[in-house]
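Q: just need the structure, nothing else, for what follows:
(one chain, ligands or ions: 1)
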Amino acid sequence: MGFSAALQGESSHTALLTRQDGELRLLDTMRRVLVARAKCDRDYAAALTHLAHTAAKMDNNDVDGALDQSQLHKAWRVMVEGLEEWSSVMRQNADTLVLDTVEKLAALITEKRASRKVYYEEHQRITNEVSRLQEAVGKSKNNYEQALELYKTSKTKYEDQYLKGKPGRKLDELKERYQKACRKLHQVHNDYVLLLCEAADYERDFRTVLLPGLLEYQERVQEDMIDKWRCILREVWELSDTSQGKFAQLQTEIGASVTAISPKAEYSIFSDVNKSSPPEPVTFEFCRDLLGDGVGSLQAGQLAVDSLTVDSLRIKLNDVEHRLRDVTAELREKQNLLNQHETEVVNIRKNSLQDSNIASRLPVLKRASDVLHRELNELRCKESWLQHQHSIIHDPLASLGCEEAPQPWEAAQAHVNGESHQRSDSLSLKSRSAAIKELLRKPFNRSSSKAGSHSPTSTPPQTPSRPPTEERSTPPDMGSPHTTPEGHHTEGLAVNGIPELTYDPDRCLEDEQWFHGVLPREEVVRLLVEEGQYLVRETTRNDEQQVVLSVCWGSHKHFIVQTTPEGHYRFEGPAFPTIQELILHQHQCGLPVTNKSGAILRTPIFRERWELNNDDVELRDKIGRGNFGDVYKARLRDSGLEVAVKTCRVTLPDEQKKKFLQEGRILKQYDHPNIVKFIGICVQKQPIMIVMELVPGGSLLSFVRNHKGQLAVKQMMGMCVDTASGMAYLESKNCIHRDLAARNCLVGHHNVVKISDFGMSREEEEYIVSDGMKQIPIKWTAPEALNFGKYTSLCDVWSYAVLCWEIFSCGEVPYHGYSNTKAREMIDSGYRMLAPPNTPDEMYQLMLKCWQYDPENRPHFPDIYAAVDTIYSTL
Ligand code: ADP
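A: As a prediction, this is how the structure comes out:
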């Protein structure tokens, strides 16, 4: 509805005028605000320009080029330059605002004022005319009434005079007055009629033409001005819109430079340019010049354990034990915290990613986990060197047992007499707790004078003679649970084939072939298969070391050797001063060990060839760090053979130690050029160890990383062939490795790959995990194992393809840049890694087959071996 139809009434007229006044006030306010705004923008632009200059100057001070090539630095430069351009555009816009836009606004104000005036006056004028006519009509009516009155009176007077019949001057006067009144009345009548006509015409025109016309005109004028006003506001908007035009272009440029920052790539050129060799190892060796020809009993690199030092060593040991406990507790605490963080991250990713408040905890948790990882690494180092310190101090003290510490001058004398090696060997090599040592050394003490008769460089006297190492390094026949006991210089064979036991007081318990050290119960059970077979071993219960007799009698029975108050040993029968005598008695008397068990000792089971003495192995350099402890390069004392030895941390709980030995138990059955060879285990004392062939090239992962760009495709393919060959062998033995990855393979001479790290392996066709999946290598593990805990050799097939991917990518991390959870999701939704450069196409096709979601669709290792071997020979 337009103005002319709606706004004719008086109140609308007043409202229209009020509106005009409001608009005029608004225009004025706008004008003043825009002028002030332009001033603000100019000031802001000036401040930005200043800032940009300062930033540029500060940046130019970085003259050493430390940040050349840095994408991050480039992005910063674009930002600083953008700042200056931004301020210049802002200044130009402010100028335009004042010089152009505000001027237009002022002109609009003038125009609006003028239009209000015109409207007001016009409206006044046409409405006044209606009033004027109304007034004139009223006046004319009065005149009409007066003339009519006069006419009537003069007529009456004239008629009265006339009727009196008296002609004369008076009648003439009355007649003239009557005629005059009559004329006047007629004239007034006509004027009235004309005026009424004029007034009616005007009034109609006023309503239908003049007022609507004025309002229509006013409407157009107002609309016209609103349009101008809108254009002015549009200009203001455009001039201050930082999301458009030049501003937007600047933002896009800055955005692109920021997006180009890649945390991974940022240091790659830097690393190439600043490449350097790692720091040379610094050796800390005892300076032998210090001792020259000898300073009393002191020996290079060995603790002096004598009456002068024993107390301080005990205090030190105590201190180390305290620190070790603290470090272990801290380790556990931090590990728990880390586990909590990781669980929280998984939960957030699964359930709360939509909730931005909760999701914002992700980066915080990630950073906290990174810090924890670093702290854990440091704590592990601390734990390791404290353990080392512990064993350095603890072992000689323990070997001292209840004996008094020698006087330094006695030790010096012994040294002069050539006995020092024997002493120091026995000090440095003994690692049994004082109590058990005392127990074991009892018979030995009685004839200790004989100890000195051994050559100083020979193995310690308690080590029995053993077959040559070469013979031992071959794993025993997997078919039989134990081999025939080796000949032993103290035992003969009775006529009925049962070994005849003898007692030699010079031999300690450790020397007896039927003593198996800390061999775990599971192994013991494997060794004792026939009725009456038995062996003796050692175990720890509630931190107390105990000697146990294990016998196969119906089931497997284990008897703890009891100690009498006099320090003798017994079961239910008589007590003996040594355990050897007790066992000999029990073997010879033919009576049950206990009445309840009825178990009779018939055949002692001697140590297997692979049960080495800890003292047979001389640990040398540390070459790696495993889950359970450090890995060393070592030498077998008998043969000089170089071997690799995995040690198990002394402080680990028994359960973990059993897990550690599990790897040895599995490995010992295999003999294949691509499987690392088992040589033996050392369970005579702590630390327990697994001895394996030394594979000199270290882990496959570090090997491919260190040889990036140097390996030919054929060499890489050869590694895939080796691994497939080893895995085909394992599959034929029903062994599921479960942790096949480049980090768990080793590289030997001529780059031959050997599969290692059987810590997670299982000898089953199918293995279902039910106790959680905490330590699972997600990115290497097949989906059915992750989702249902179902492991078969076909899971190893999946891991094998990831391993091949690692080889061809020279040790890249699979699903690089994605978390375990994300990688899992991607795999479930069909994603598979791309072929690394230089992967032969047939090889990649094979990898894709190994990554079939359904295990049934994956090839088995014999087929894989055939396929990779063919690819290898075509290269
Ligand atoms: P764990 O199974 O306890 O984690 P690993 O088998 O991974 O221990 O061994 C840790 C590291 O020790 C390996 O990465 C490797 O560098 C080294 N290592 C292990 N076994 C041998 C070996 N037989 N020969 C040479 N180095 C080895």
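Q: run the chain-centre distance for stretch 724-743.
A: 29 Å (Cα atoms, centre = their mean, to the nearest Å).
Q: show me which residues of that stretch are buried.
A: 724-731, 735-743 (16 or more other Cβ atoms under 10 Å). All C-beta atoms are positioned from the backbone trio N, CA, C, and that covers glycine.
Q: looking at these, which are in helices?
A: Members of those lying in helices (criterion: DSSP state H): A724, S725, G726, M727, A728, Y729, L730, E731.
Q: dump the residue contacts of the last one.
A: Each residue near E731 by Cβ atoms under 8 Å, 6 or more residues apart in numbering is listed here: S793, D796, H860, F861, P862.
Q: which of those count as buried?
A: For the contacts of E731, buried by 16+ other Cβ under 10 Å: S793, D796, F861.
Q: could I get those residues as JSON lines with secondary structure?
A: Putting the buried ones among the contacts of E731 into JSON lines (DSSP: H, G, I helix; E, B strand; the rest coil) gives the following:
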{"residue": "S793", "secondary structure": "helix"}
{"residue": "D796", "secondary structure": "helix"}
{"residue": "F861", "secondary structure": "helix"}
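Q: could you single out the nearest of those residues to the ligand?
A: D796 (16.3 Å; Cβ to the nearest ligand atom).
Q: verify the contact between that closest one and H737 for me.
A: Yes: D796 is in contact with H737 according to Cβ atoms under 8 Å; the separation is 5.2 Å.
Q: tell me where the model's unsure across the stretch 1-150 of the chain.
A: Where the stretch 1-150 of the chain drops to pLDDT under 70, the residues are 62-63.
Q: again but with the chain, I slipped
A: Residues of the chain that meet the criterion pLDDT under 70 lie in 62-63, 399-500, 542, 764-774.
Q: so which residues on the protein come close to the ligand?
A: 623-628, 631, 644, 646, 676, 692-695, 698-699, 744, 746, 756-757, 759 (Cβ under 6 Å from any ligand atom).
Q: can I have the buried ones of those residues as a PyMOL selection?
A: In PyMOL syntax, the buried subset of the residues of the chain next to the ligand is picked out as below (16+ other Cβ under 10 Å):
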select buried, resi 623+626+627+628+631+644+646+676+692+693+694+695+699+744+746+756+757+759
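Q: next, count neighbours for G554.
A: Counted with other Cβ atoms under 10 Å, residues neighbouring G554 total 10.
Q: so how far is G598 from it?
A: With distances taken as Cβ to Cβ, to the nearest Å, G554 is found 8 Å from G598.
Q: over to T539?
A: To G598, T539 is 23 Å away according to Cβ to Cβ.
Q: how about Q545?
A: Remark: distance between Q545 and G598 (Cβ to Cβ) = 28 Å.
Q: let me know the next secondary structure element after the lengthiest helix in the chain.
A: Ranked by number of residues, the top helix in the chain under DSSP H is helix 102-164. Sequence-wise, the next helix or strand downstream of helix 102-164 (DSSP states H and E) is helix 169-205.
Q: which strands and helices lie in contact with that following helix?
A: helix 102-164 (3 or more Cβ pairs under 8 Å, 6 or more residues apart in numbering; DSSP states H and E).
Q: dump the residue contacts of R602.
A: So R602 contacts I498, E531, G532, Q533, Y534, H587 (Cβ under 8 Å, 6+ apart).
Q: residue with max distance from the center of this protein?
A: K166 (141.8 Å; Cα atoms, centre = their mean).
Q: distance of it from Q179?
A: From K166 over to Q179 (counting by Cβ to Cβ), the distance is 19 Å.
Q: and what of A867?
A: To Q179, A867 is 146 Å away according to Cβ to Cβ.
Q: what's the answer for G697, then?
A: G697 is 153 Å from Q179, by Cβ to Cβ.
Q: and these two? Which one has more around it.
A: Taking other Cβ under 10 Å, G697 and Q179 do not tie; G697 has more neighbours (19 against 13).
Q: wait, the more buried one sits on G748?
A: Yes: using Cβ under 8 Å, G697 makes contact with G748 at a distance of 6.0 Å.
Q: any residues in contact with both of D796 and H737?
A: Residues touching both D796 and H737 by Cβ under 8 Å, 6+ apart: M727, L730.
Q: mind giving me the domain split of this protein?
A: 3-271+295-304, 408-449, 495-604, 611-693, 700-874 (automatic domain parsing).
Q: out of these, deepest packed?
A: Greatest average neighbour count among these goes to domain 611-693 (a mean of 20), per mean count of other Cβ atoms under 10 Å.
Q: quick one: terminal-to-terminal distance for that one?
A: 15 Å (Cα to Cα, to the nearest Å).
Q: kindly report the same for stretch 237-250.
A: Length of stretch 237-250, first residue to last, Cα to Cα: 18 Å.
Q: how about the strands of the stretch 551-700 of the chain, start to end?
A: 555-560, 562-563, 569-570, 603-604, 611-612, 617-625, 630-636, 642-647, 678-682, 689-693 (DSSP state E, counting those that start in this stretch).
Q: wait, what's in contact with A38?
A: A94, D95, L97, V98, V102.
Q: got the phi/psi numbers for it?
A: For A38, the backbone dihedrals (degrees, to the nearest 10) come out as phi -60, psi -40.
Q: that one and A823, how far apart?
A: Distance, A38 to A823, using Cβ to Cβ: 56 Å.
Q: swap in K170?
A: 139 Å.
Q: for the ligand, give me its nearest residue in the stretch 101-250 of the chain.
A: L250 (52.2 Å).
Q: distance check, the spatially closest residue to that residue that is not a sequence neighbour against the ligand.
A: In this structure, L250 finds its nearest non-sequential neighbour in G82, 4.7 Å apart by Cβ to Cβ, 6 or more residues apart in numbering. Distance of G82 to the ligand, computed by Cβ to the nearest ligand atom, to the nearest Å: 50 Å.
Q: over to F515?
A: Separation of F515 from the ligand (Cβ to the nearest ligand atom): 28 Å.
Q: and that residue, its phi and psi?
A: Dihedral pair for F515: phi -90, psi 120, per degrees, to the nearest 10.
Q: what residues are up against it?
A: For F515, the residues meeting the contact criterion (Cβ under 8 Å, 6+ apart) are L509, L535, V536, R537, R607.
Q: wait, which of the residues you listed is closest to L519?
A: Closest approach between the contacts of F515 and L519, by Cβ to Cβ: R537, at 5.4 Å.
Q: leaving out sequence neighbours, find the closest residue to the closest one.
A: Leaving out its chain neighbours, R537 is closest to H516 (Cβ to Cβ, 6+ apart), at 4.6 Å.
Q: I figured that neighbour hits V536, correct?
A: Yes: H516 lies in contact with V536 (Cβ under 8 Å); the separation is 7.0 Å.
Q: wait, what's in contact with the residue of the stretch 701-850 of the chain found nearest the ligand?
A: Using Cβ to the nearest ligand atom, D757 is the residue of the stretch 701-850 of the chain that sits closest to the ligand, at 3.8 Å. By Cβ under 8 Å, 6+ apart, D757 lies in contact with G626, E663, D739, R743, N744.
Q: secondary structure class of it, three-state.
A: What three-state DSSP gives for D757 is coil.
Q: quick check: phi and psi at it.
A: phi 50, psi 70.
Q: i'd like the first residue to be 278 from this point on
A: Renumbered: residue one is now 278, and that last one reads D1034.
Q: helices of the stretch 978-1127 of the chain, residue ranges please.
A: 990-1009, 1060-1065, 1070-1085, 1097-1105, 1118-1127 (DSSP state H, counting those that start in this stretch).
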